[in-house]
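Asker: Quick one: sequence and predicted model below, then my questions.
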Amino acid sequence: DIVLTQSPGTLSLSPGETATFLCRASQVVNSDYLHWYAQKPGQAPRLLIFGTSNRAAGIPERFSGSGSGTDFTLTISRLEPEDFAVYFCQQYGSSRYSFGQGTRLEIK
Amino acid sequence: EVQLVQSGAEVKESGESLKISCQGSGYNFRSHWIAWVRQMPGKGLEVLGIIYPDDSDVRYSPSFQGQGQVTISVDESISTAYLQWGSLTASDSATYYCARRGKRCSGIVCSEYYGLDLWGQGTTVTVSS
């Protein structure tokens, strides 16, 4: 099974700054099948980025994704108060799904 | 409105059975796979399995397949997917989400990207031992 490891565990930033999240896979991942989600307390996850770099419907341009192979990145520019949440990456491969353990973005 | 609406929170005792539901609306329910995702308290996300409403094809994740685990089903006539347990244990305590597997379309040609683009609000299951 492909294991996704996210770093850092917690990111402490202020509104207006840029957040960068890393997702590293234990094996090569098909870029079309690497996705990012955000989850706020008490809420369901929300799809942000699909296929490494495509924004989901309604997601602002401040959110961008990149990467290939085993290393993938989510970047949020000009952080706004509503961006503070837990972020997960997810991949599909060999008929299996796996999620990273999540990165918590907290207000500094 | 395009949405998935799940049944309410459940409190059960160990050994009891349970069936929770997820009703879709606002889109062609039959044509999208529905996944069930578990989130244990303070933990990450795990896909238990997926079902295709049009033909009830079910695929379980290896960790959740086998006797005494979960059963995924669907009633496409009422656009509802189900997750059920025959005998709950305390380790089943978690929040369970249903989620739609998304498609990417270019004109009339659509392809799966195996991400989850629409989520239910979650059903919290608490099992006391």
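Answerer: Received the coordinates, thanks. Numbering: from 1, shown residues only, chains lettered A, B, ... in the order given.
Asker: Show the contacting residues for residue 36.
Answerer: No chain specified, so I'll use chain A. A:21, A:23, A:47, A:48, A:49, A:65, A:74, A:87, A:88, A:89, A:90 (CB atoms under 8 Å, 6 or more residues apart in numbering or on different chains). No exception for glycine: its C-beta is placed from N, CA and C like everyone else's.
Asker: Chain B, not that one
Answerer: So residue B:36 contacts B:22, B:47-50, B:70, B:72, B:81, B:83, B:96-99 (CB under 8 Å, 6+ apart).
Asker: Farthest pair within the residues you listed?
Answerer: B:70 and B:99 (15.4 Å; CB to CB).
Asker: These two: which has the busier surroundings?
Answerer: residue B:99 (26 against 21; other CB atoms under 10 Å in any protein chain shown).
Asker: Of the contacts of residue B:36, which are in range of chain A?
Answerer: Among those, the ones lying near chain A by CB under 8 Å from any CB of the partner chain are B:47, B:97, B:99.
Asker: rewinding a little: most neighbours among the contacts of residue B:36, which one is it?
Answerer: Going by other CB under 10 Å, residue B:98 tops the contacts of residue B:36 with 31 neighbours.
Asker: tell me which element it falls in.
Answerer: Using DSSP states H and E, residue B:98 sits in strand B:94-106.
Asker: just how off-centre is stretch B:15-24 within its chain?
Answerer: Relative to its parent chain, stretch B:15-24 has a centroid offset of 9 Å by CA atoms, centre = their mean, to the nearest Å.
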